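S.K.: No sequence on hand, only this structure:
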């Protein structure tokens, strides 16, 4: 039952991602990507990561993608000129990447007998997750918090500079 | 026992290559960032699958750290997009090909 659900979710995620990367309008792309993230969150849940599944929805779909939407709508981006998304010249790299994917898929399927075993049932209880996060990985948490602070300062600086620059450009 | 690890790896590989092609081929700065997001999520799927396969928590903890790093990266990158749009009025990556430093 769970495996059927997993394959359905995997198909949903792959299809939504494919639609996402081929949209011309960034708003449509973000909506499809949110769809893919919901499917991924359920896959995480099936693989025994309920906290990660919740954060995938809250942080990725809820915060990061909404930030994308905010920026797209603030800038009033137009979908761009009509015509195919990829020019003819760009199909060669697409084919190359697809061949690479096929080769790596073949390697995974033929040269990795250990991976044929099923993923065992696993459940990361939030209590043990939090205990491991703040004991063994306490330093990493501190470093990441510093990084978020620096990123906020950097984003604020970039935003302030562009606002200060505009009167200059106008004059 | 749900699915073989191989199949999860295949899904993650397909997601990763889709994100990579989006990053490399689209010329819209926002679409390039979306490609980076897709790749990071594919990596997260592999980490969660490995975490379940070996019955260890470390993979899931790493996904959490990746999420935090992604939030920081997106904040700075989108501020950069807004800045570049204010400077040149477009977010086509080809416009900035003569940017130095």
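M.R.: Thanks, I have the structure now. Note that the structure is predicted; figures quoted are calculated from it, not measured.

S.K.: Where does pLDDT dip in chain A?
M.R.: A:78-84, A:161-171 (pLDDT under 70).

S.K.: residue ranges of the helices in it, please?
M.R.: A:2-22, A:26-46, A:50-55, A:65-75, A:91-111, A:126-135, A:138-170 (DSSP state H).

S.K.: Could you say which of these is packed most deeply?
M.R.: Sort the helices of chain A by mean neighbour count, taking mean count of other CB atoms under 10 Å in any protein chain shown, and helix A:26-46 sits at the top with a mean of 22. (C-beta placed from N, C-alpha, C; glycine too.)

S.K.: Give the other helices and strands that that one contacts.
M.R.: helix A:2-22, helix A:50-55, helix A:65-75, helix B:29-53 (3 or more CB pairs under 8 Å, 6 or more residues apart in numbering or on different chains; DSSP states H and E).

S.K.: Determine which of the ones you listed approaches residue B:77 most closely.
M.R.: helix B:29-53 (5.4 Å; CB to CB).

S.K.: from the chain's centre, how far out does stretch A:19-31 sit?
M.R.: 13 Å (CA atoms, centre = their mean, to the nearest Å).

S.K.: can you list contacts of it?
M.R.: A:32-33, A:36, A:65, A:68-69, A:72-73, A:77, A:79-80, A:85, B:18-19, B:21-22, B:26, B:28, B:30-31, B:34-35, B:38 (CB atoms under 8 Å, 6 or more residues apart in numbering or on different chains).

S.K.: Then stretch A:136-150?
M.R.: Under CB under 8 Å, 6+ apart, the answer for stretch A:136-150 is A:133-134, B:61, B:65, B:68-69, B:71-72.

S.K.: quick one: low-confidence parts of chain B?
M.R.: For chain B, the ranges with pLDDT under 70 are B:1, B:100-101.
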